[in-house]
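Asks: pasting the structure only:
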């Protein structure tokens, strides 16, 4: 210590030193300086030597580090303080300055004797002694608490910022929500007002419409009690406003096509309410209870709901007496016309047959004439059937008959009907039935389609030709494909092939028979049930394939 | 010998049927309108009846109902033979109790004879 005192004494002269002490009024001696160092709050450590050994520590240093002077002085390297928390670059920078003889100022985290850490602001500088030896002096101020405070403050600030940010975001969201809600409420209110106004307008419009509509209109609640009758319904059924609130079936009756009174459960309005189904029918008649008058009606009864709850049913009906009359007249016309045409034809047919049975008195030429008469009769009979079918379609009275059938059986029958011509022409018939099972289709339309297409294929395919009949149930359709390698359809005539009475030029050349109505008939029929027909033929003598899709009833 | 009643207003058709069935060993009686059908049937008591539909005075649909309402006649097989060929008519005819329904122009006369023979042999 004493040696040092003299050294410190020299510090006065050193301009670089923090210990530069102005020689002021009284003389600062080394002893005073050492005392000052001993009592300083700042830590002082001095090391010396090439691998520096601690040669002095002051009490402040002992207090900060936990090491005692006796443990370290003359024994240990200042390296004992290394915390491992500082980067190698820090020490490199530090030593670079010190070795240049400059003051290093920095903040360092060191390790105490007990392994805990402290942070200090330090000044380190070298001091060259007279004997040529260099000592390193470090003066430090413990800033651990300050650092901790700073860190805490920083953490707190960060935390606070985070909280603030979170709260702000939350608040923003709430504000947004609130704004949306307000906006929604505003819109809703506006909408409600608009709706109310609209509803009122609609209601007036609706009431006017209901009152003036040319059809009868009755509304019943879910107990089948009348809640509204429009003037036309009152007129048709002989009702008045007094009937409101009464069960509708007490007010008027309904009859089926055989003149039997329908049970309440069978009536369209009841079905609409009970089974929540829309019913449309033209089969029944309404009967007025007041005077027993009856008239056929077309009724549409449909359920209506309020929210989830069934409200009741609405029935719209009109008197179809006139329509029925017209329909009947049309149907009777076709029926009678065909009858009138067939009767003389039957006379010719049967007498020609009788004559053919006793041909003894006939010359060969006469026998041939007789045969011509008979085949003419057959053509005429077919033509009448076809024309009658066309008239029925065009008058809308073609009998639709949806029944469950096996399509394979129907196709077999259609092929069988042609068996004489098939064997006469030695045609090769290939059948391909895929996924066939009983289905519900319009049987008349299916028969007509298969009969016509197969008969055409047979008619317009030369001897030893090939015909392929392919049926498949696919999705909700029965798909039919009739392919032949016959005369084909000339390209320039393909667009006219479904036209009424049209016969392709090559078909007319091959055979005089044929009405030109078959394909027209089939196409018209298929269109009635949303079916389709089309064909492919690359031209004359290239054969033809007809494709049909017939919807299946579910 | 089986007894056949033919109710047919077209003379030419009635004639050719009568001739044909007589050749086939039937005892044939003819009625030319709907009104005379029932009395003729009661008198003749046929084994089988061929009945047209469009007839003077009463149509075949009414005539068959009269037959079916008569306990002595109701079991005699009735075949409709008409040139009405609509589905509704065929269905109605069969629904009223006819054993069969032929559209005249669609069948050779021999075919009709064969069918009638079959029903006559089967009896009631």
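Replies: Perfect, thanks for sending it. Remember, predicted model here, so these are calculated numbers, not experimental data.
Asks: now the lengthiest helix in chain A: average pLDDT?
Replies: Using DSSP state H, we find that the single longest helix of chain A is helix A:144-212. The pLDDT scores in helix A:144-212 average 73.
Asks: which parts of the next helix or strand after it are buried?
Replies: Counting by DSSP states H and E, the element after helix A:144-212 in chain order, helix or strand, is strand A:216-221. For strand A:216-221, a neighbour-count test (16 or more other C-beta atoms under 10 Å in any protein chain shown) marks A:216-221 as buried. For the C-beta atoms, the positions are set from N, CA and C on the backbone; glycine is no exception.
Asks: now, among these, which is nearest to residue A:88?
Replies: The closest of the buried residues of strand A:216-221 to residue A:88 turns out to be residue A:221 (C-beta to C-beta; 92.9 Å).
Asks: contacts only, for the closest one.
Replies: Residues near residue A:221 by C-beta atoms under 8 Å, 6 or more residues apart in numbering or on different chains: A:227, A:311-312.
Asks: so which bits of chain B are right by chain A?
Replies: By the rule C-beta under 8 Å from any C-beta of the partner chain, the part of chain B lying against chain A is B:10, B:12-13, B:16-17, B:19-20, B:54, B:82-89, B:103-106, B:108-110.
Asks: now, which of the residues you listed lie within helices?
Replies: Per DSSP H, the residues of chain B next to chain A map to helices at B:12-13, B:16-17, B:19-20, B:87-89, B:109-110.
Asks: for those residues, pick the one with the most neighbours.
Replies: The residue in those with the most neighbours, by other C-beta atoms under 10 Å in any protein chain shown, is residue B:17 (25 neighbours).
Asks: strands - which of the contacts of residue A:221 land there?
Replies: In strands, defined here by DSSP state E, the members of these are A:227, A:311-312.
Asks: hmm, back to that, in CSV: the ones in helices among the residues of chain B next to chain A, plus pLDDT and distance to residue A:148.
Replies: Listed next are those as CSV, based on pLDDT from 0 to 100; distance: C-beta to C-beta, whole Å:
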residue, pLDDT, distance to residue A:148
B:12, 93, 132
B:13, 94, 128
B:16, 94, 131
B:17, 95, 129
B:19, 93, 136
B:20, 93, 131
B:87, 80, 105
B:88, 82, 107
B:89, 87, 112
B:109, 93, 127
B:110, 93, 126
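Asks: any weak-confidence spans in chain B?
Replies: Chain B contains residues with pLDDT under 70 at B:123-124.
Asks: ranges for the helices of it?
Replies: Under DSSP H, chain B gives helices at B:11-23, B:34-44, B:60-69, B:87-95, B:109-122.
Asks: name the helices or strands packed onto the second one?
Replies: In this case it means helix B:34-44. Applying 3 or more C-beta pairs under 8 Å, 6 or more residues apart in numbering or on different chains; DSSP states H and E, one finds that helix B:34-44 contacts strand B:2-7, strand B:26-31, helix B:60-69.
Asks: who touches the longest one?
Replies: Contact partners of helix B:60-69, identified using C-beta under 8 Å, 6+ apart, comprise B:7, B:34, B:37-38, B:41, B:49, B:51-55, B:73-74, B:76, B:78, B:80, B:82, B:92-93, B:96-98.
Asks: give me the buried subset of these.
Replies: B:7, B:34, B:37-38, B:41, B:49, B:51-55, B:73, B:76, B:78, B:80, B:82, B:92-93, B:96, B:98.
Asks: residue nearest the centroid of the chain?
Replies: All of this refers to chain A. The centroid of chain A falls nearest to residue A:475 when counting by C-alpha atoms, centre = their mean (21.0 Å).
Asks: chain B is the one I meant
Replies: residue B:50 (1.2 Å).
Asks: ok, it touching residue B:8?
Replies: Yes - between residue B:50 and residue B:8 a contact is recorded at 7.2 Å, counting by C-beta atoms under 8 Å.
Asks: around chain B, which positions in chain A sit nearby?
Replies: A:331, A:334-336, A:338-339, A:342-343, A:345-347, A:349-351, A:353-354, A:381, A:384-385, A:399, A:401, A:444.
Asks: give me the subset of the residues you listed lying in helices.
Replies: A:331, A:334-336, A:338-339, A:342-343, A:345-347, A:349-351, A:353-354, A:381, A:384-385, A:444.
Asks: OK, contacts around residue 78?
Replies: I'll assume chain A. Residue A:78 touches A:45, A:47, A:52, A:54, A:136, A:138, counting by C-beta under 8 Å, 6+ apart.
Asks: meant chain B, my bad for not saying
Replies: Residue B:78 neighbours (C-beta under 8 Å, 6+ apart): B:48-49, B:51, B:64, B:67, B:97-99.
Asks: in the stretch 201-350 of chain A, which residue sits closest to chain B?
Replies: residue A:342 (3.9 Å; C-beta to the nearest C-beta).
Asks: all helices of the stretch 451-554 of chain A, in order?
Replies: Taking DSSP state H, counting those that start in this stretch as the test, the helices found in the stretch 451-554 of chain A are A:505-510, A:518-528.
Asks: name the helices or strands packed onto the first one?
Replies: Counting by 3+ C-beta pairs under 8 Å, 6+ apart, no packing neighbours are recorded for helix A:505-510 among the helices and strands.
Asks: run the last query once more with 10 Å
Replies: helix A:443-459 (3 or more C-beta pairs under 10 Å, 6 or more residues apart in numbering or on different chains; DSSP states H and E).
Asks: okay, the angle between the helix it packs on and helix B:87-95?
Replies: Angle of helix A:443-459 versus helix B:87-95, following axes from the mean of the first three to the mean of the last three C-alpha atoms, to 10 degrees, is 110 degrees.
Asks: quick one, helix A:443-459 and helix A:518-528 angle?
Replies: 150 degrees.
Asks: chain center to helix A:443-459, what's the gap?
Replies: 41 Å (C-alpha atoms, centre = their mean, to the nearest Å).
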